[in-house]
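In: what follows is a predicted protein model with its sequence.
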Protein chains: 2
Amino acid sequence: MLLSSAELDQMERRYRASFINSLGGFKSANLIGTADSDGHTNLAIMSSAVHLGAHPPLLLLIIRPDEAQRHTLSNILETGVYTINHVHEKFIDAAHQTAARYPKHVSEFAATGLTPFWQPGFEAPFVAEASIRMGLTLREHQRLAINGTHMVIGQITLVTVPEDCVSRDGSIDIARAGTVALSGLDSYHRPQPLRRMAYAKPDREPTPLDPSVMTRA
Amino acid sequence: MLLSSAELDQMERRYRASFINSLGGFKSANLIGTADSDGHTNLAIMSSAVHLGAHPPLLLLIIRPDEAQRHTLSNILETGVYTINHVHEKFIDAAHQTAARYPKHVSEFAATGLTPFWQPGFEAPFVAEASIRMGLTLREHQRLAINGTHMVIGQITLVTVPEDCVSRDGSIDIARAGTVALSGLDSYHRPQPLRRMAYAKPDREPTPLDPSVMTRA
């Protein structure tokens, strides 16, 4: 079926939100951990992390101006740090529940049963249950005039990954680490590896990657 | 294993690119279709599409300043339009191959065997083989000073989706549509649906979505 701009515009509000949110493709599922300057913690699920660069290592996040995500933003601006923790298949329910509009004084850690984990010297809480977690330092914040969302760029300064998921070439087997993918607003998926492809060159046919590269480090 | 900023900085360049690219989580796999003002087509795989808003329907793309992606950017700026086409499991090889650095006069459509499909009145080519495809109009372009990447925001003005993949609530079953997910630079995955979760509320336990919502429209 082919839909025009006018047809998208005429969709019922929640129907359109589900439809448009599905269109970009599969998304990352991450828990963003923050604290205010008094140490009150906050945890919010977000599917908007996107790779911005490897050197320096930068991730971009889009934060919506609604209640649940606003606490995260104000904490990041207050302390300059935050954590990004991959949602693991074993705690999808708790991760999804962090999207509920809890009052500011309620920590989503306490409300959902996830465990805050503090790295010495780092002012934002990690998720103890996560197998892949990162600490980030705020590098840039911009409110996007087009729709009032916030773009937050952070530099990765701490990384925890399971050693047996890192391949010889540096890539991380995040499926093996239990990381899930999101579609739309609420649909959790377990990605099954199909194949890795070798670096594409104009004078070579598409080639699956040499399996020796995929052995663990 | 726990890695510090200094350890990330000391990694060998390609090892670090693979490592950092894996950290954000699963990514969308899309082919971006463009043409210059003479109608010469270009096609480039990108994993950086992120949902920015539903009303108006906006997607953000990060475009790297390297050769393969620069042609896409210059075409978007020239014509103001582009297409985003989900990578389907059946054409992963061709999609990955569009990342090769072909000279400007070589179209990745011709080089990879994918078929350009023109929608009347729309100046950028769609991928005929894709089951989910969108036409977008450029709304904002910004070069990010932090690392020279380009942020491109577009409004979705045309959408083609398989009718049997749209649920009653508007969500699209993109796994059923054959859409794949990417991890890192080159690792293609087939996501298996685990479960959909109901809208999270502070006074309710995490609840799987009522299956009746998931029936087709």
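Out: Thanks, I have the structure now. Residues are numbered from 1 along each chain as shown, chains lettered A, B, ... in the order given.
In: what's the closest non-adjacent residue to A:Met197?
Out: B:His96 (4.3 Å; CB to CB, 6 or more residues apart in numbering or on different chains). C-beta here means a position set from N, CA and C on the backbone, and glycine is covered the same way.
In: revised request: answer the last question for A:Leu136.
Out: A:Gly154 (3.4 Å).
In: pairing partners for the helix or strand hosting the one you found, with directions?
Out: In the assignment (DSSP states H and E), A:Gly154 maps to strand A:150-160. In the sheet, strand A:150-160 lines up against strand A:57-63 (antiparallel), strand A:133-143 (antiparallel), strand B:2-4 (antiparallel) (DSSP bridges).
In: could you measure from the residue most central in space within chain A over to A:Ile63?
Out: Nearest residue to the geometric centre of chain A (CA atoms, centre = their mean): A:Asn30, 3.2 Å. The gap separating A:Asn30 from A:Ile63 is 12 Å, by CB to CB, to the nearest Å.
In: swap in A:Leu185?
Out: For A:Leu185, the distance to A:Ile63 - CB to CB - is 16 Å.
In: repeat for A:Pro120
Out: Applying CB to CB, the value for A:Pro120 to A:Ile63 is 27 Å.
In: who's more crowded, the two?
Out: Counted by other CB atoms under 10 Å in any protein chain shown, A:Pro120 and A:Ile63 do not tie: A:Ile63 has more neighbours, with 20 against 4.
In: right, and that one touches A:Ser74 too?
Out: No. A:Ile63 is beyond contact range of A:Ser74, at 10.1 Å (criterion: CB atoms under 8 Å).
In: list the residues that contact A:Gln142.
Out: Applying CB atoms under 8 Å, 6 or more residues apart in numbering or on different chains to A:Gln142 gives the contacts A:His150, A:Met151.
In: I meant to write A:Arg176 there.
Out: A:Pro162, A:Asp164, A:Cys165.
In: tell me the SS of it?
Out: Classification of A:Arg176 by DSSP: H, G, I helix; E, B strand; the rest coil places it in coil.
In: what does the helix or strand of chain A with the lowest mean pLDDT contact?
Out: Counting by mean pLDDT, DSSP states H and E, the weakest-scoring helix or strand in chain A turns out to be helix A:67-79, with a mean of 91. Helix A:67-79 has contacts (CB under 8 Å, 6+ apart) with A:32, A:34-37, A:42, A:44, A:46, A:63, A:82, A:98-102, A:104, A:123-124, A:138, A:141, A:150, A:152.
In: ok, back up a step: so which of the strands paired with strand A:150-160 is the most packed in?
Out: Highest mean neighbour count of those: strand A:57-63, a mean of 24 (counted as mean count of other CB atoms under 10 Å in any protein chain shown).
In: need the residues that contact that strand.
Out: Contacts for strand A:57-63 (CB under 8 Å, 6+ apart): A:32, A:46, A:48-52, A:69-70, A:72-73, A:84, A:134, A:136, A:139, A:149-156, B:8, B:16, B:20, B:23-24, B:50-52, B:60, B:62, B:146-147.
In: hmm, back to that, name the helices or strands packed onto the next helix or strand after the strand holding A:Gly154?
Out: Counting by DSSP H and E, the next helix or strand C-terminal to strand A:150-160 is strand A:181-183. On a contact count with 3 or more CB pairs under 8 Å, 6 or more residues apart in numbering or on different chains; DSSP states H and E, strand A:181-183 meets strand A:27-28, strand A:187-196, strand B:187-196.
In: in strand A:181-183, what's buried?
Out: Buried residues in strand A:181-183, counting neighbours by 16 or more other CB atoms under 10 Å in any protein chain shown, are found at A:Ala181, A:Leu182, A:Ser183.
In: now, among the residues you listed, which is nearest to chain B?
Out: A:Ala181 (3.8 Å; CB to the nearest CB).
In: any idea what that closest one is bridged to?
Out: Checking A:Ala181 by DSSP bridges, which sets the bridge assignment, gives partners A:Ser28, A:His189.
In: doesn't A:Gly25 make contact with it?
Out: No. Look at A:Ala181 against A:Gly25 with CB under 8 Å: they stay out of range, at 9.5 Å.
In: quick one: list the elements packing against the strand or helix carrying A:Ala111.
Out: Applying DSSP H and E as the criterion places A:Ala111 in helix A:108-112. Here helix A:108-112 touches strand A:41-46, helix A:92-97, going by 3+ CB pairs under 8 Å, 6+ apart.
In: and whichever helix or strand comes after the first one with strand A:133-143, angle?
Out: Okay, so that is strand A:41-46. For strand A:41-46, the following helix or strand on the C-terminal side (DSSP H and E) is strand A:50-54. Here strand A:50-54 runs at an angle of 100 degrees relative to strand A:133-143 (axes from the mean of the first three to the mean of the last three CA atoms, to 10 degrees).
In: what's strand A:50-54 in contact with?
Out: Contact with strand A:50-54 is made by A:28, A:58-61, A:153, B:16-17, B:19-21, B:23-24, B:27, B:47-48, B:50, B:60, B:62, B:144, B:146-147, B:149, as judged by CB under 8 Å, 6+ apart.
In: of those, just the buried ones, ChimeraX syntax please.
Out: Per 16+ other CB under 10 Å, the buried members of these correspond to this ChimeraX selection:
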select /A:28,58,59,60,61,153 /B:16,17,19,20,21,23,24,27,47,48,50,60,62,144,147,149
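In: where does pLDDT dip in chain A?
Out: Under the criterion pLDDT under 70, the flagged ranges of chain A are A:214-217.
In: can you give me the distance of the residue nearest to A:Ile153 when sequence neighbours are not counted to B:Leu8?
Out: Leaving aside its sequence neighbours, A:Ile153 sits nearest to A:Glu140 (CB to CB, 6+ apart; 4.1 Å). A:Glu140 sits 19 Å away from B:Leu8 when distances are taken as CB to CB.
In: so how many other residues sit close to A:Asp210?
Out: If we define neighbours as other CB under 10 Å, then A:Asp210 has 10 of them.
In: for the closest residue to it other than its chain neighbours, grab phi and psi.
Out: Spatially, and ignoring its direct neighbours in sequence, A:Asp210 is nearest to A:Ala198 (7.1 Å; CB to CB, 6+ apart). Reported as degrees, to the nearest 10, the phi and psi values for A:Ala198 are phi -70, psi 160.
In: if I pick A:Ala198, what's in contact with it?
Out: A:Arg204, A:Thr207, A:Pro208, A:Leu209, A:Asp210, B:Asp186.
In: wait, doesn't the last one sit right on B:His96?
Out: Right, B:Asp186. Yes. B:Asp186 is within contact range of B:His96, at 7.0 Å (criterion: CB under 8 Å).
In: please consider this matter closed, and thank you.
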